[in-house]
Every structure is written in C-alpha cells, then in structure tokens.
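S.K.: curious how this folds, go ahead:
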Amino acid sequence: MDKSQTIRNWYDRVWEQQDFAAIDEIMVSDTQASGLGELPRVGPVEFRAFAEALLVHISNLKITIESEMEKGDWLHQLIRVNAKNCKTDADIEFVVHVLVKVVDGRILEAHNMIDSISLFEQLGFLPGHTMGTCLSGQVVA
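M.R.: Numbering: from 1, shown residues only. Purely as a prediction, here's the structure:
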C-alpha cells in the first residue's frame with residue numbers, strides 16, 4: 001500500500017468509521033505525533049484519547065484530500081473536514097495540514113496543524129471572529 005493509500009485508510013477507519021483498533025494497526029507503537037493538544041508529542045494511546053475526545057463533539061466526518069506532496073518516506077496533505085456539530089447538528093468545516101512519515105504501510109511519525117480556532121468557533125467554544133479579535137489586541141473572554 002502506498003503512503004497516500006495508507007493515510008486515506010487511516011482517515012476512513014479511524015475518523016470516518018471510528019474504528020479505534022486501526023490506530024494500533026496503522027501507527028507503530030513508538031510513533032510520536034505532534035500538534036494534537038497540550039502535550040508536545042503523543043503516541044498511539046494518547047492519540048486514541050485525543051480522537052475519542054474530539055469525536056464527542058463532531059460526527060459524520062467526511063475527509064477530502066485537497067492537495068498532497070510526497071518526498072521520500074514523507075507525505076504532506078492539506079485536508080478539508082466536513083462534519084456535524086453533535087450538540088446543534090449544524091454543518092462544520094475546517095482544514096488540517098498533516099505531515100506523516102509512512103514506511104511499509106505504517107505511520108512512524110506525524111505532525112498536525114489543525115485550524116482549531118475555526119473548529120472551536122463552529123462548536124460554540126470560542127466566540128465568532130476570535131482571530132480578528134486577537135489580532136486587534138483584544139482579549140477573548
């Protein structure tokens with residue numbers, strides 16, 4: 001399985017189907033992932049906790065790969081996530097950049113950049129226009 005197919009399988013199984021057993025199948029046990037919360041790096045156990053916590057708030061995920069580049073063992077993708085807000089059933093959309101090292105169909109390392117502000121605004125956890133408010137020097141209350 002090539003890198004792109006491996007990661008598409010990851011999105012389908014872990015995120016769209018919520019098949020958390022796929023985490024241990026696709027990530028090697030000492031995989032380190034960054035960009036997923038307060039810890040600088042997380043392994044498969046912490047990743048599962050992150051995924052479960054996020055999926056309490058969003059459902060019906062559909063992940064679209066907008067662009068991708070591959071170099072050696074590394075794959076970079078810009079993805080668009082369409083989902084539902086579990087509390088309001090409203091449509092939500094946000095983007096994620098992922099950089100993953102994939103060898104023999106397994107994830108060895110991952111770096112994530114999630115548009116968290118947009119996600120949390122749409123979930124109602126941050127006020128609208130949070131970025132603009134912060135850029136103006138105001139404190140978000």
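
S.K.: use CA for all of it now, contacts and neighbours both
M.R.: Fine.

S.K.: dump stretch 87-103 to PDB, restricted to CA.
M.R.: What follows is stretch 87-103, C-alpha atoms only, in PDB (Å, rounded to 0.1, in the frame of the first residue of the first chain):
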ATOM      1  CA  LYS A  87     -24.700  19.500  20.000                       C
ATOM      2  CA  THR A  88     -26.500  21.500  17.300                       C
ATOM      3  CA  ASP A  89     -26.400  19.200  14.300                       C
ATOM      4  CA  ALA A  90     -25.000  22.200  12.300                       C
ATOM      5  CA  ASP A  91     -22.600  21.600   9.500                       C
ATOM      6  CA  ILE A  92     -19.000  22.400  10.300                       C
ATOM      7  CA  GLU A  93     -15.900  22.600   8.200                       C
ATOM      8  CA  PHE A  94     -12.200  23.100   9.000                       C
ATOM      9  CA  VAL A  95      -8.800  22.300   7.400                       C
ATOM     10  CA  VAL A  96      -5.900  20.300   8.700                       C
ATOM     11  CA  HIS A  97      -2.300  20.100   7.400                       C
ATOM     12  CA  VAL A  98      -0.700  16.700   8.100                       C
ATOM     13  CA  LEU A  99       2.900  15.700   7.500                       C
ATOM     14  CA  VAL A 100       3.400  11.900   8.100                       C
ATOM     15  CA  LYS A 101       6.300   9.500   7.700                       C
ATOM     16  CA  VAL A 102       5.000   6.300   6.400                       C
ATOM     17  CA  VAL A 103       7.000   3.100   5.900                       C
END
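
S.K.: can you give me the helices for this structure?
M.R.: Assigned by DSSP state H, the helices in the chain fall at 3-10, 21-26, 44-54, 116-122, 130-135.

S.K.: on contacts alone, who are the packing partners of the fourth one?
M.R.: Secondary structure elements in contact with helix 116-122, counted by 3 or more C-alpha pairs under 8 Å, 6 or more residues apart in numbering; DSSP states H and E, are strand 91-103, helix 130-135.

S.K.: remind me which residues of this structure are low pLDDT?
M.R.: Nowhere does the chain drop to pLDDT under 70.
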